[in-house]
Structures are given as C-alpha cells and as structure tokens.
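Asks: Predicted structure and sequence below. I'll ask about it afterward.
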Amino acid sequence: MSLHSRLLTGSILLVSVVCLNGCTAWFDSFTPGVTRTGVSSSLVDYLYPDGQIPPEFEEQIPRLKLPLRVGIAFVPQPPGGNAEAPSEALKNEALQKVREQFKGRKYIASIEAIPDTYLRSTRGFEGMQQVARLYAVDVMALVSYDQLAATGDNKLALTYWTIVGAYVIKGTENQTQTFVDTAVFDVASRKLLFRAPGVDSRERTSTAIEAAEVSRAVRAESFSAAMVNMTTNLATERDRFEQRLKTEPEIATVEWKAGSGGGGGAIDPALLLVMAIFAGWRRSRV
C-alpha cells in the first residue's frame, strides 16, 4: 500500500472514530428514563408567605355592596419560578374566559383583568388589598395553577440508535396534568366567597427530535383545557352562590349602593310621583 493510500485510510478511520463518539454522546441523551418538570403558583403561599400561620377564624360576615367591581388576576409564581410556566399571552387569554363568566350580570359594575406583575411586589392579604385599592375593586378572583409534565421513552425508542429512527419513529411519550383553581374573595373582609377548580390530563407521542416542541404544545393545550373546565365550574359555583345568598344570610349581607338603581339605594322618581298622588287622594277623602 502506498504512502498516499495509508494516509487516506488513516484519515477515514480517524473521522469514523470521531463521528462514532459524537453519535454515541448524542444518542446517550435519549437513554430510557423519565424527565419531569413542574410549574405552580400557590394561592396558600401567596396569601400566607414565608410559612405564616393563618389567623384564627373570625365570625365576620362579608358585606357586599352592589353592583360589585371585580378584579381578576393570576397568583404569581414565587421568585425564580420555572421558565416553563404558561406564557403571558396564554394567561391573558385565560383571564378573558374567566371575565366572561361575570359579564352581563346586573350586580357587576366592572371587571378588571389585573396583570400578575402587580401582585409580585407584595404578598399576603395585605398585598391583595393594596392591588384591590389600586384598581378600586370590591372582589378579587385569584387564579392559581399546578402543572406537571413528564417526558419518557417507550419501546419504540430502541430505534433511536439509528439516525432515521430519531427523526421518524415516535418513541417518546409526552404527558401533562394540569390543575387550575379560581378563588373569589371579598376584599374588605378577606373572606372566601366561592371557588371553582379545573383539571386536564393528556398525552402525545413524538419523535426524539420534536419532543421538546411537542411537550411545550401539550402543556399549553392542557392549560387551556383546564381553564375551560374551570370556567364551566365557575359558572355553576357562581349561580350556586347566588342561590345560597337567598337562603343563607350568614354567608354575606347584600345591599345596593345609593344611586345604583338596583335595589334599596335609590328611589325611582316615578314611584315618588305615585306616592304623592296617593297621599293627596287620601287627604281629599278625610
């Protein structure tokens, strides 16, 4: 064998060894196993930060002055929260769905979707009340969530030892479970009026190459589906709360604000005229 041939053969062997080592390292990232990631925003941790102990129960009845001004916001993640949290666009879309459950009601004056950035600077009930005063709302609907995603290989992942398999064969399982909860508080009394949960669980297979993209898509879809489930339950709980107010006065006292025209606050001018005519008629009979 000539010197040129020996050099060419050596070069091919060297390149082959380098490529083999690189492929081995690349395929090592797909060894069987399950990777779990989770994101959450805890209502309890927000209202009672740093392990605070909730105060003893106070027998204080909320006093709801109608029509109510309602604020809706997501409970913020703790500092340094997971980057896999739902996007701001997805959360804003979700808040609008919650907002729809309060619109069109005679006892609702306005509904404000509040960015969670306003709740990050200060926590606890005091923080909630500060934000409520800033937006001039009487009631706060706080939305919290908990999501767990798991990615692992199924039996088809054996084909990942070939380049074609990693691009073509769907040997990766992407599973996501999502729980969301909306708790509605009377700001002044800090009392929980009612709450509604929402859940979703789904999974989808993917190739190794598209696993990260599919996992993100499944998490977003699961979050949206859980929010839809929650808003359905929220409508039910809202109607149930309205009915309970009629039969259980200890839940909350309700009155209409002066000038609202919704109840005991204002007197209709036409009613005053009828009363005056009736009074004059009675005096004429005496």
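Replies: Yep, that arrived.
Asks: For the rest of this, base every contact and every neighbour count on C-alpha atoms.
Replies: OK.
Asks: beta partners for S41?
Replies: Beta-bridge pairing for S41 (DSSP bridges): Y145.
Asks: Can you give me the neighbour number for it?
Replies: 20 (other Cα atoms under 10 Å).
Asks: same for the helix or strand where V143 lies, what does it pack against?
Replies: Element membership for V143 (DSSP states H and E) is strand 139-153. Packing partners of strand 139-153 (3 or more Cα pairs under 8 Å, 6 or more residues apart in numbering; DSSP states H and E): strand 34-41, helix 43-47, strand 68-74, helix 124-135, strand 172-186, helix 211-247.
Asks: what residue ranges in the stretch 1-150 of the chain score low on pLDDT?
Replies: Within the stretch 1-150 of the chain, the ranges that satisfy pLDDT under 70 run 1-33, 55-58, 80-83.
Asks: quick revisit: quick one: the strand holding V143 to strand 34-41, angle?
Replies: Going by axes from the mean of the first three to the mean of the last three Cα atoms, to 10 degrees, strand 139-153 is angled at 170 degrees with respect to strand 34-41.
Asks: Only alpha carbons, please: show strand 139-153 as PDB.
Replies: Backbone C-alpha positions of strand 139-153 (Å, rounded to 0.1, in the frame of the first residue of the first chain) are rendered in PDB as follows:
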ATOM      1  CA  VAL A 139     -63.900  41.500  45.000                       C
ATOM      2  CA  MET A 140     -60.800  39.600  43.800                       C
ATOM      3  CA  ALA A 141     -60.800  36.400  41.800                       C
ATOM      4  CA  LEU A 142     -57.400  34.800  42.200                       C
ATOM      5  CA  VAL A 143     -56.400  32.100  39.700                       C
ATOM      6  CA  SER A 144     -53.700  29.600  40.700                       C
ATOM      7  CA  TYR A 145     -52.400  26.600  38.800                       C
ATOM      8  CA  ASP A 146     -50.200  23.500  39.200                       C
ATOM      9  CA  GLN A 147     -48.900  21.600  36.200                       C
ATOM     10  CA  LEU A 148     -46.700  18.500  35.900                       C
ATOM     11  CA  ALA A 149     -45.100  17.400  32.600                       C
ATOM     12  CA  ALA A 150     -43.300  14.100  32.100                       C
ATOM     13  CA  THR A 151     -41.300  13.000  29.100                       C
ATOM     14  CA  GLY A 152     -40.000   9.500  28.600                       C
ATOM     15  CA  ASP A 153     -39.300   6.800  26.100                       C
END
